[in-house]
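Colleague: Kindly generate the corresponding structure for this input.
(one chain, ligands or ions: 1)
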Amino acid sequence: MLKPRPTATRELVNLDGLWKFATAATVGESPWAGPLDTPLEAPVPASYNDLFTDSAIRDHVGWVWYQRTVRVPRGWDGERVVLRVDAATHEGRVYVDDVLVAEHVGGYTPFEADITEHVGAGQEFRLTVGVNNELTTTTIPPGRITVDQTGRRKQTYLHDFYNYAGLARSVWLYSVPALHVEDITVVTGLDSTTGTVEYEVETSEAATVRVRVLDATGAEVCAGEGASGTLRIENVTPWRPGAAYLYELVAEIVDGDAIRDTYALPFGVRTVEVRGSRFLINGEPFYFTGFGKHEDTAVRGKGHDDAYLVHDFQLMEWTGANSFRTAHYPYAEEVMDFADRHGIVVIDETAAVGLNLAVEAGLLGTPPRPTFSPETFHDATRDAHAQAIRELIARDKNHPSVVMWCIANEPSSNEEGAREYFEPLVELTRKLDPTRPVTYTAVMFATSDNDRIADLFDVICINRYYGWYIATGDLAAAEQYMEGDLRGWAEKFGRPLLMSEYGADTLPGLHSVWDQPWTEEYQAAYLAASHRAFDRIEAVVGEQVWNFADFQTSHGIHRVDGNRKGVFTRDRKPKAAAYELQRRWRGLGGRKPSSEK
Ligand code: GCB
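Modeller: Numbering: from 1, shown residues only. Predicted structure coming up:
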């Protein structure tokens, strides 16, 4: 799925700004059928939850409505007019005046509607977008809705971040010619100093296609004819972690001398491969340093913000991070583009977080229910999960920064039914993209002995909290447990292990000379102990600390104003651990640290 970009044949109008806003509780049955009767306005992009002082809005379960008027540029006569919503969390419905033009389920991937038949160039229309935040056993991520004694509907969920909702990313109107480029797929290879570019251009109907590759200065380096083929770039500059280089593939539909449509896709030439227990980028072993992140800031919730984007990348670079995981959902496309341009490596994750009823039972002290069963997560859950994988890959397949797909976070991979659930999903992922390794993250309860799915994957990502949830305050024991645990996986599976989560909640300003959980010194010492264990295991190919910054979670006695495992505070101030990471990571250049024993 192509990101809308302005070209010689396409125009793009951004619809961000203040929209009218109301929850379903305060408006009539068909709020799209006329002007939305509300005193409230909400910014797009932003989650709506933290904007208003009224807790009924923050805790609302169900539909909310956004509305604005839009004028179609008068020069768009004869063009197709497309409306694109970058994300409606978790379900969206789009109305142009009285007409429903699009419906979409899945809160972190874009959807579009061709609205040409409903609008006219130069004319104004009423655009209403409904957004539903409900999570059920057939949504990704899953959740449950209950009704309490007072008759109020309540949303519960199995993931450790706040269920922010709304239009957290941009909304666009764009024009394309009737005959246009629908999609492009680029797969690159490296053959000594030559780059190979396999491309495939999909068009709206049969057409003559021409492609050109431009380097970063705009000079043409190779060209081809036809909707698919392989191009060669001599003396190629590869895309490298920390040294990004982007080319542009310009795809044109030609008709005699006329160019009917043109689209320019940025791409990088790089390879990714798992060999034995190594992870190779461009044929060289790569060691991941970085974080599991979240899209989370005060007031905006999950609203995309370019200032935080730039600042977060600055802070990652400052600590020596070369990578991050899009925990626990696909991030805004602006983030992926930025990672491409700045050479940061990304593990790209679906929103399949919380497929694990053992964790819930552990937290609530209730008897465990089976995770995979007709009453809990089943075929319909997996269908939604498959769709989430399809949409992630369709959106992100051309990003050089994306080196691996992570199809689930901490599923109950040690339970009966896990293999039957995951095998077809791994197969689907490989079919959609045979070029990138596939992974999942293994929860604490899944050990190298009882995990039922690890062998299906190329890389095993491991989430562990020794020294926090287990061996709390005892870092000597934590280090030993960590080492033993990792050794078990390394010996049994012989493939790369990536530490995708390890971390300790920390209150900035709390200090101690002893190993005292919650202090800044403890977080730093916890990381150092974990690192000593990683360095003793050859198969560990990287470490991503949980989390980059403190973030908001649902209410609960396990969290104090959210999850405080950030190496930075929610407003991005460094805790002492940031300096510990800097000391270790800076200057590594993607190589495994030598053992500190
Ligand atoms: C995990 C989850 C993550 C949580 C984290 C924690 O294992 O993957 O979403 O936030 O632990 O801090 O407990």
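Colleague: Could you report the neighbour count for the closest residue to the ligand within the chain?
Modeller: Residue nearest to the ligand within the chain (Cβ to the nearest ligand atom): residue 160, separated by 3.5 Å. In this view, the C-beta of every residue, glycine as well, is placed from N, C-alpha and C. For residue 160, the tally of surrounding residues (other Cβ atoms under 10 Å) stands at 24.
Colleague: now the closest residue to it other than its chain neighbours, what's its secondary structure?
Modeller: In this structure, residue 160 finds its nearest non-sequential neighbour in residue 553, 5.4 Å apart by Cβ to Cβ, 6 or more residues apart in numbering. Put simply, residue 553 is coil when judged by DSSP: H, G, I helix; E, B strand; the rest coil.
Colleague: Quick check, pLDDT for residue 30.
Modeller: Here, the pLDDT recorded for residue 30 equals 96.
Colleague: List the contacts of the residue of the chain closest to the ligand.
Modeller: Contacts for residue 160 (Cβ atoms under 8 Å, 6 or more residues apart in numbering) come out as 553-554, 559, 563.
Colleague: These: which two are farthest apart?
Modeller: Of all pairs drawn from the contacts of residue 160, the greatest distance, 10.4 Å, lies between 554 and 563 (Cβ to Cβ).
Colleague: Now do the shared contacts for the two.
Modeller: Contact criterion Cβ under 8 Å, 6+ apart; residues shared by residue 554 and residue 563: 160-161.
Colleague: the more surrounded of the two?
Modeller: The neighbour count for residue 554 versus residue 563, taken as other Cβ under 10 Å, is higher for residue 563 (23 against 15).
Colleague: Now do the contacts for the residue nearest to residue 160.
Modeller: 160-162, 559, 562-563.
Colleague: now swap in residue 481 and tell me
Modeller: Residue 481 touches 466, 470-471, counting by Cβ under 8 Å, 6+ apart.
Colleague: Quick check on these: which are buried?
Modeller: 466, 471 (16 or more other Cβ atoms under 10 Å).
Colleague: Let me have the contacts of residue 481 in CSV, adding distance to the ligand and secondary structure as columns.
Modeller: Shown next, in CSV, are the contacts of residue 481 (distance: Cβ to the nearest ligand atom, whole Å; DSSP: H, G, I helix; E, B strand; the rest coil):
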residue, distance to the ligand, secondary structure
466, 12, strand
470, 12, strand
471, 15, coil
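Colleague: Return the member of the contacts of residue 481 nearest to residue 105.
Modeller: Residue 105 has its nearest neighbour among the contacts of residue 481 in residue 470, at 36.9 Å by Cβ to Cβ.
Colleague: Wait, that closest one touches residue 444, no?
Modeller: Yes. Between residue 470 and residue 444 there is a contact at 7.3 Å, judged by Cβ atoms under 8 Å.
Colleague: which residues does residue 394 contact?
Modeller: Counting by Cβ under 8 Å, 6+ apart, residue 394 has contacts 1, 183, 432.
Colleague: restrict the contacts of residue 160 to contacts with the ligand.
Modeller: residue 563 (Cβ under 6 Å from any ligand atom).
Colleague: Present the contacts of residue 160 as a markdown table; the columns should include distance to residue 547.
Modeller: Converted to a markdown table, the contacts of residue 160 look like this (distance: Cβ to Cβ, whole Å):
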| residue | distance to residue 547 |
| --- | --- |
| 553 | 11 |
| 554 | 16 |
| 559 | 13 |
| 563 | 7 |
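Colleague: Mark out where each domain of this protein begins and ends.
Modeller: When the chain is parsed with automatic domain parsing, its domains come out as 11-176, 181-267, 272-585.
Colleague: Out of these, which is the most enclosed?
Modeller: domain 272-585 (a mean of 20; mean count of other Cβ atoms under 10 Å).
Colleague: Output the set of residues of the stretch 201-350 of the chain in proximity to the ligand.
Modeller: Contact residues (Cβ under 6 Å from any ligand atom) of the stretch 201-350 of the chain with the ligand: residue 328.
Colleague: What ranges does the stretch 201-350 of the chain have for its helices?
Modeller: 306-319, 333-342 (DSSP state H, counting those that start in this stretch).
Colleague: Dump the ones you listed into JSON lines; add mean pLDDT as well.
Modeller: Output for the helices of the stretch 201-350 of the chain, formatted as JSON lines (pLDDT from 0 to 100):
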{"stretch": "helix 306-319", "mean pLDDT": "98"}
{"stretch": "helix 333-342", "mean pLDDT": "98"}
